[in-house]
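*Asks:* make a model of this:
(2 chains)
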2 protein chains.
Amino acid sequence: MDFSSFLTSLATSFAIFVVLMFLFAWLSRKPANSVVYYPNRILKGLDPYENGSRARNPFAWIREALSSSEEDVVAISGVDTAVYFVFLTTVFGILVLAGLVLLPVLLPVAATGKIEVEKNSTSKGAFTQLDSLSMGHVKETSSRLWAFLIATYWVSFVAYFSLWKAYKHVSDLRAAALMSPDVRPEQFTILVRDIPPPRGGQTRKEQVDTYFKEIYPESFYRSMVVTENKKVNEIWVELEGYKKKLARAEAVYAESKNVGKPEGTRPTNKIGFLGLTGKQVDTIEYLYEKINELTPKLEAEQKVTLREKQQASALVFFSSRVTAASAAQSLHARMVGTWTVMDAPEARQLIWTNLPKSFYGRRIRQCVVYVIVFLTIFFYMIPIGFISAFTTLDNLKKLLPFLKPVIDQNVIKTVLEAYLPQIALIVFLAMLPKFLLFLSKAEGIPSKSHAIRATSGKYFYFSVLNVFIGVTLGGTLFSTFKDIEKNPNSIVPLLASSLPANATFFLTYVALQFFVGYGLELSQIVPLIIYHLKRRYLCKTEAELKEAWAPGDLGYETRIPGDMLILTIVLCYSVIAPVIVPFGVIYFGLGWLVLRNQALKVYVPSYESYGRMWPHIHTRILAALILYQVTMFGYFGVKKFHFTPVLIPLPILSFIFAFICRNRFYRFFQCTALEVACRELKEAPNMELVFRSFIPPCLSAEKSNDDNFEDALSNVSRSGSFA
Amino acid sequence: MDFSSFLTSLATSFAIFVVLMFLFAWLSRKPANSVVYYPNRILKGLDPYENGSRARNPFAWIREALSSSEEDVVAISGVDTAVYFVFLTTVFGILVLAGLVLLPVLLPVAATGKIEVEKNSTSKGAFTQLDSLSMGHVKETSSRLWAFLIATYWVSFVAYFSLWKAYKHVSDLRAAALMSPDVRPEQFTILVRDIPPPRGGQTRKEQVDTYFKEIYPESFYRSMVVTENKKVNEIWVELEGYKKKLARAEAVYAESKNVGKPEGTRPTNKIGFLGLTGKQVDTIEYLYEKINELTPKLEAEQKVTLREKQQASALVFFSSRVTAASAAQSLHARMVGTWTVMDAPEARQLIWTNLPKSFYGRRIRQCVVYVIVFLTIFFYMIPIGFISAFTTLDNLKKLLPFLKPVIDQNVIKTVLEAYLPQIALIVFLAMLPKFLLFLSKAEGIPSKSHAIRATSGKYFYFSVLNVFIGVTLGGTLFSTFKDIEKNPNSIVPLLASSLPANATFFLTYVALQFFVGYGLELSQIVPLIIYHLKRRYLCKTEAELKEAWAPGDLGYETRIPGDMLILTIVLCYSVIAPVIVPFGVIYFGLGWLVLRNQALKVYVPSYESYGRMWPHIHTRILAALILYQVTMFGYFGVKKFHFTPVLIPLPILSFIFAFICRNRFYRFFQCTALEVACRELKEAPNMELVFRSFIPPCLSAEKSNDDNFEDALSNVSRSGSFA
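*Replies:* Model prediction:
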């Protein structure tokens, strides 16, 4: 790709962004769209337009985003979102601090460096204006490389400093949230797994109750044994489906009264396969019948489930926050792997089916999943290799000749040339996260937030390995495969030497990500269209309408690895081609702005993990940093710089830094520190409410009938059937 | 060393053992010696001779040892001793099970194997009778090697099985001890370190009390801030010295009344340098004067210490055992490295000076100590090399020509030839443990038992590296140093190929250890002589006499590494030269017998760590096993056996086994499981006694005056000076 196509791509991206931004300003002012642009505020019961006057200014959202404080974010969107902004701010800070030194120092050094490198080297084409600003332009063994070497150190130290500060800050955020005087049910609850088989005719419930009552005679409140809910859940889902259909049929019937005959048309349907065959029945009557049939069945199944399907896992409730925090981190049984305890996650993010999975089962599942992920990461290489080989314009013309007239047009050609490989890549990557989330859940992880963290990690390593390293080595790898086989250490210099050739590819990639990606994010074009289509043609009831505009969460499982990939790319190129740094700064700065708006107004977090994402983010930033340091070491080697070994301490330093941070901060992210949990509460907790908040919907009876829960959801204070 | 000298050494060792055993039977029957042979029973207030009639039988001790149960050992000598016997039993079991298969199978296979190996190979001399029973006798690439390969697997699986059973058993022992209904002060206490600087004019005591009172409003009893006791301790030691001298002087005076003039001779001494110069004074008067002078000084210093020398560490007392157990393992502060908590060790094993050492200080000390140990391990190689080069008879004759007439006598020559190198080695090794203990204490470890575990670990790795690998490679290493430099992987085959040549050396070493070592151990000749000399010439008072026979503890810091070295040697040779297995069986069987006697009657444990030694023993047995597996892999390689890679899974299996054991059992050895701590107590603990048991002797006032302790040893219930 030459310089002009790079500029074209940049300009196009920017144009798209500007268009999308004005579209957003125009669309978001219309009240009919407010449920798409302000769902979070609406669901929180706030006025969507804070200041009606401001909303007319197309840049008002920027002012609002900038003026919002961290407390606002925590209050409206939770600690996890605030932590995500700490991540954006930290990376932004690292890149700004790096850029402030790298750009004014390295660019002149590189530009005035006399180039004598062989023309037929790694570079794909002639040197362009961009290349003359990169380290590739400096002569081998030149003493000018000292400047680049010192810059490598500078970037690392800036990163350490910022990361340390950020970890401290996130730790404070987490502490503040955990010591809040509000009663949060999960802070009074612990999750117990791997309960050994009960002895002497005890039921699970009795076993759990006696066990914990003996250890915590004063603060043990009650326990809830996890049950096998598959069957009851099926019935419940079926019943809920009928209820929804009934509401819909009634809405259709009511509407028909307004439209046509005053007595209306009663909706009918066929009860056979897919509603296409079988007897024609009156829908409303049919549904009433079904509901009346299922309701007693559900109640009976609930009773059976609670009584007979108790599993080897339980939630235990304590009347004191400190005791719960302390119980969640203490060893209860002398054998690890029985009576395993942990902080209970929020009720809404519990993955119920994973709770009774056994200790060894989880370990084995984890191993199997890791092997699958490993295979996925390494065998996706092959399809990616094919794709990047095919998605050149020449190949396209050959394979799909009917596209030729379109492609040959000059403007389209330039645009396509600029974007095609990147778009292929992005589309390709979109397929993966669901699969990885499925795998993470299969590990036996008990909470959704944890599964998402695990997915995010897998996706990050996938991205870095396949996109960054894969694309960089690209064709080179296959041609030099034999060399690598002979000497696996050669992969670092090989990677390093192919870096400069791909600098413009990644510059374009970053630019595309931020302008088009954030433009689409801000304007919410796709959800808007879907919402309006659904509203017009599908939704009949209020509930269906609400479902149509219900906003998602920020989707950390793909968002964070995406950002991480950009960070990895920018870091690795920061010294080699410092012009990439401003792109990184724009990516994270613009991201901060756009997402601040989205977090405050659009997305509704689907769980709260009190910042547990941070240690994972931190580790991965460090992984990126180490990759950068190793790459730089390789690249200095390629430049035949005699003082390259001066870089050896850097990765070691990074490991030590990672070790210290882990030692110092990580445990507080695994469990709650007691000095935090012991803060006073606003009011004594209503333990009945705490307990009820954990009852899964399929088991919660319509009428608040306590007797139903006596079996698996025991109440010690009343049932005296066991000692 | 040839076969006859081996037999001589064996016979001599056995003769020495028999002599020592009869000496023991004879000496231990004399009442005057009972304090040397039964000190543990005497100190426990038991009758030294359980059954007077039995004591006449010289083998009675064997019957007594065999009939004693594990409960007896726990009751008389504590859990740590019982765990040591579990170790002996386990190793004994492994070797017996291994021997039952290896001896009948491998010996015939080896003996009938046709030998065609070059004569000038690794073997030092001609093949002897012993060598024909070893794997070295089997032809290269012979399919007979399959038997040895399967044997290698058999030994490993026997080890896994026994170790798993033993870990479970030790875990039960620990649990039984921890859930005992007796009140043990350390179970109500936690040790807090790294307390941050107090804020707002608080004293340390106030800071600690407010902090823990907030978290544990109900069960917090009191705290004791650690103070800087150096000066007060000096005064106390001086005072105690004078008191002892006074008692002695009075005894001397009283004795003189009996011997000479009825009015006696008042002892006098000079007060100048070493009692040789200066004024002559009446000793008793002088000492009274000194004591009267020092007593108020001590009291003043005690007050100053308690008030002004409070350090960043404290002991915190709880009125409930469960709370203490839970508090000792919970994260208190959100930053790890402040308010670090752990189980309090017993008062008697606290290393007070290490308690206030800072978090980072400890980490850095640890690193420094590890480096020093590493250097020690590797640079002791050089002196050991010199010693083993010099201690041949020929060298000795050359260097010390005046010994020639002695050495040339045939009997002496044979004996010396058999023992000289081994004795040099043993003497050499005796110098090290003190140094390693000093280093371990310098790490900042808070308890004596932990320091001894650390020492034992260091000493084990030292022994294995220097004695086993060092001696084995011996001269070979230096001559082939260049090969190793070129290819460090060659060290395994090198080690493997030099193993058979040293088999007889190690056979002799093991035999010497068990016959002579255990003979000396049982007969207690050295302590007996020292005791009688002291009693006759030095001891004047009862206290001095008691001090003269005061028994030591089992000395795990050297005993366990010593046993481990034997185990490593026996394991590594078990398949190569199966004749070593019976020697190992005798070593551990005899050791069990002799030490059972010693543990029940002689040694008094100086601390109780509730079996915390076990995980360390377990890890080191596995380390020995892995060394054995790697060596076998190397040796099969030397034998050019085509199926050698079949052995590759073994070390991997060992690592997995180690990982699983660590995961499953280790946490209970780090802290107390709550289900264990919640067992009921015989009586409500007397918290005042619990508290007092932790006051260091130099701070405990003569009169039980509580006011002295109000400063660093606060009593919350009474002092209302802080909220």
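*Asks:* in this structure A:Gly337 contacts B:Arg664, no?
*Replies:* Yes. Shown here, A:Gly337 and B:Arg664 form a contact pair, counting by CB atoms under 8 Å, at 5.6 Å. Yep, even glycine has a C-beta here, placed from its N, CA and C like the rest.
*Asks:* where in chain A is the helix or strand with the lowest mean pLDDT?
*Replies:* Least confident helix or strand, chain A: helix A:481-486 with a mean of 50, by mean pLDDT, DSSP states H and E.
*Asks:* any chance you could map the helices in the stretch 201-350 of chain A?
*Replies:* A:204-215, A:230-259, A:283-308, A:321-327 (DSSP state H, counting those that start in this stretch).
*Asks:* need those in a markdown table with distance to chain B and mean neighbour count, can you?
*Replies:* Listed next are these as a markdown table, based on distance: least, CB to the nearest CB, whole Å; neighbours: other CB atoms under 10 Å in any protein chain shown:
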| stretch | distance to chain B | mean neighbour count |
| --- | --- | --- |
| helix A:204-215 | 5 | 22 |
| helix A:230-259 | 30 | 16 |
| helix A:283-308 | 26 | 16 |
| helix A:321-327 | 5 | 25 |
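*Asks:* and the residue nearest the centre of chain A, its phi and psi?
*Replies:* Nearest to the geometric centre of chain A sits A:Tyr556, at 1.5 Å (CA atoms, centre = their mean). Taking degrees, to the nearest 10, you get phi -60, psi -30 for the backbone angles of A:Tyr556.
*Asks:* what pLDDT, on average, does the strand or helix carrying A:Leu595 get?
*Replies:* A:Leu595 is located in helix A:580-601, with elements delineated by DSSP states H and E. Helix A:580-601 shows a mean pLDDT of 89.
*Asks:* list the helices and strands it packs on?
*Replies:* Contacts defined by 3 or more CB pairs under 8 Å, 6 or more residues apart in numbering or on different chains; DSSP states H and E place helix A:580-601 against helix A:39-43, helix A:60-67, helix A:70-111, helix A:503-512, helix A:518-523, helix A:556-574.
*Asks:* closest to chain B out of those helices?
*Replies:* Closest approach to chain B among the helices and strands packed on helix A:580-601 is made by helix A:70-111 (14.0 Å; CB to the nearest CB).
*Asks:* next, see if that closest one gets close to chain B.
*Replies:* No. For helix A:70-111, no contact with chain B is found by CB under 8 Å from any CB of the partner chain; the gap never falls below 14.0 Å.
*Asks:* from the contact counts, what lies against that helix?
*Replies:* Using 3+ CB pairs under 8 Å, 6+ apart, the elements in contact with helix A:70-111 are helix A:39-43, helix A:145-178, helix A:556-574, helix A:580-601, helix A:613-638.
*Asks:* I'd like to know how far A:Met632 sits from A:Met135.
*Replies:* 9 Å (CB to CB, to the nearest Å).
*Asks:* hang on, I meant A:Thr189
*Replies:* Where A:Met135 is concerned, A:Thr189 sits at a distance of 55 Å (CB to CB).
*Asks:* same check, this time on A:Ala60
*Replies:* From A:Ala60 across to A:Met135, the span is 43 Å (CB to CB).
*Asks:* same question, A:Glu234
*Replies:* For A:Glu234, the distance to A:Met135 - CB to CB - is 62 Å.
*Asks:* cool, A:Tyr360 as well?
*Replies:* To A:Met135, A:Tyr360 is 51 Å away according to CB to CB.
*Asks:* these two: which is more packed in?
*Replies:* A:Met135 (27 against 12; other CB atoms under 10 Å in any protein chain shown).
*Asks:* now the more buried one. Nearest residue, chain neighbours left out?
*Replies:* Closest residue to A:Met135 apart from its sequence neighbours, by CB to CB, 6 or more residues apart in numbering or on different chains: A:Ile576 at 4.7 Å.
*Asks:* these two touch, right, that neighbour and A:Val138?
*Replies:* No. Counting by CB under 8 Å, A:Ile576 sits too far from A:Val138 to count as a contact (10.3 Å).
*Asks:* quickly list what's touching both of those two.
*Replies:* Taking CB atoms under 8 Å, 6 or more residues apart in numbering or on different chains as the criterion, A:Ile576 and A:Val138 do not both touch any residue.
*Asks:* can you check the pLDDT for A:Ile426?
*Replies:* Taking A:Ile426 on its own, its pLDDT is 65.
*Asks:* number of nearby residues for the closest residue to chain B within the stretch 351-500 of chain A?
*Replies:* Nearest residue of the stretch 351-500 of chain A to chain B (CB to the nearest CB) works out as A:Arg363 at 8.5 Å. By other CB under 10 Å, 15 other residues sit near A:Arg363.
*Asks:* do A:Ala11 as well
*Replies:* Applying other CB under 10 Å, we find 12 residues neighbouring A:Ala11.
*Asks:* could you list the low-pLDDT ranges of the stretch 401-550 of chain A?
*Replies:* Flagging of the stretch 401-550 of chain A using pLDDT under 70 yields the residue ranges A:403, A:407, A:416-429, A:470-502.
*Asks:* how about the strands in it?
*Replies:* Secondary structure of the stretch 401-550 of chain A (DSSP state E, counting those that start in this stretch): no strands located.
*Asks:* the helices in it, which residues?
*Replies:* A:404-408, A:410-430, A:432-442, A:448-462, A:471-479, A:481-486, A:491-498, A:503-512, A:518-523, A:525-537, A:542-549.
*Asks:* which parts of the last one are buried?
*Replies:* Across helix A:542-549, burial judged by 16 or more other CB atoms under 10 Å in any protein chain shown covers A:Glu544, A:Leu545, A:Ala548, A:Trp549.
*Asks:* of the residues you listed, which pair is most distant in space?
*Replies:* A:Glu544 and A:Trp549 (10.4 Å; CB to CB).
*Asks:* contacts only, for A:Ser68.
*Replies:* A:Arg596, A:Leu600 are the contacts of A:Ser68 under CB under 8 Å, 6+ apart.
*Asks:* which positions in chain A make contact with chain B?
*Replies:* A:171, A:174-175, A:211, A:214-216, A:218, A:322, A:325-327, A:329-337, A:339, A:663-668, A:671-676, A:678.
*Asks:* swap in 6 Å and give it another go.
*Replies:* By CB under 6 Å from any CB of the partner chain, the residues of chain A that approach chain B are A:171, A:175, A:214-215, A:322, A:326, A:329-334, A:336-337, A:664, A:667-668, A:671, A:673-676, A:678.
*Asks:* before we move on, back to that, before we move on, what SS does the residue of the stretch 351-500 of chain A closest to chain B have?
*Replies:* Secondary structure, DSSP: H, G, I helix; E, B strand; the rest coil: A:Arg363 is helix.
*Asks:* and it, what's its pLDDT?
*Replies:* In this model, A:Arg363 carries a pLDDT of 90.
*Asks:* separation between it and A:Val336?
*Replies:* Distance from A:Arg363 to A:Val336, by CB to CB: 11 Å.
*Asks:* need the residues touching each of these two.
*Replies:* By CB atoms under 6 Å, 6 or more residues apart in numbering or on different chains, A:Arg363 and A:Val336 have no common neighbours.
*Asks:* let me see the mean pLDDT of stretch A:263-283.
*Replies:* 73.
*Asks:* can I get that stretch as PDB, trimmed to CA atoms?
*Replies:* What follows is stretch A:263-283, C-alpha atoms only, in PDB (Å, rounded to 0.1, in the frame of the first residue of the first chain):
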ATOM      1  CA  GLU A 263     -66.300  -6.800  18.000                       C
ATOM      2  CA  GLY A 264     -62.800  -7.500  16.700                       C
ATOM      3  CA  THR A 265     -61.300 -10.700  15.100                       C
ATOM      4  CA  ARG A 266     -60.200 -13.300  17.600                       C
ATOM      5  CA  PRO A 267     -56.800 -14.500  16.500                       C
ATOM      6  CA  THR A 268     -56.500 -18.200  15.600                       C
ATOM      7  CA  ASN A 269     -53.600 -20.500  15.000                       C
ATOM      8  CA  LYS A 270     -52.900 -24.100  14.100                       C
ATOM      9  CA  ILE A 271     -51.400 -26.300  16.800                       C
ATOM     10  CA  GLY A 272     -49.400 -28.600  14.500                       C
ATOM     11  CA  PHE A 273     -45.800 -28.500  13.400                       C
ATOM     12  CA  LEU A 274     -44.600 -24.900  13.400                       C
ATOM     13  CA  GLY A 275     -48.200 -23.600  13.400                       C
ATOM     14  CA  LEU A 276     -48.600 -24.700   9.800                       C
ATOM     15  CA  THR A 277     -50.500 -27.900  10.200                       C
ATOM     16  CA  GLY A 278     -53.100 -29.300  12.600                       C
ATOM     17  CA  LYS A 279     -56.400 -28.100  14.000                       C
ATOM     18  CA  GLN A 280     -57.300 -24.400  13.800                       C
ATOM     19  CA  VAL A 281     -57.900 -23.100  17.400                       C
ATOM     20  CA  ASP A 282     -58.800 -19.800  19.000                       C
ATOM     21  CA  THR A 283     -55.400 -18.600  20.200                       C
END
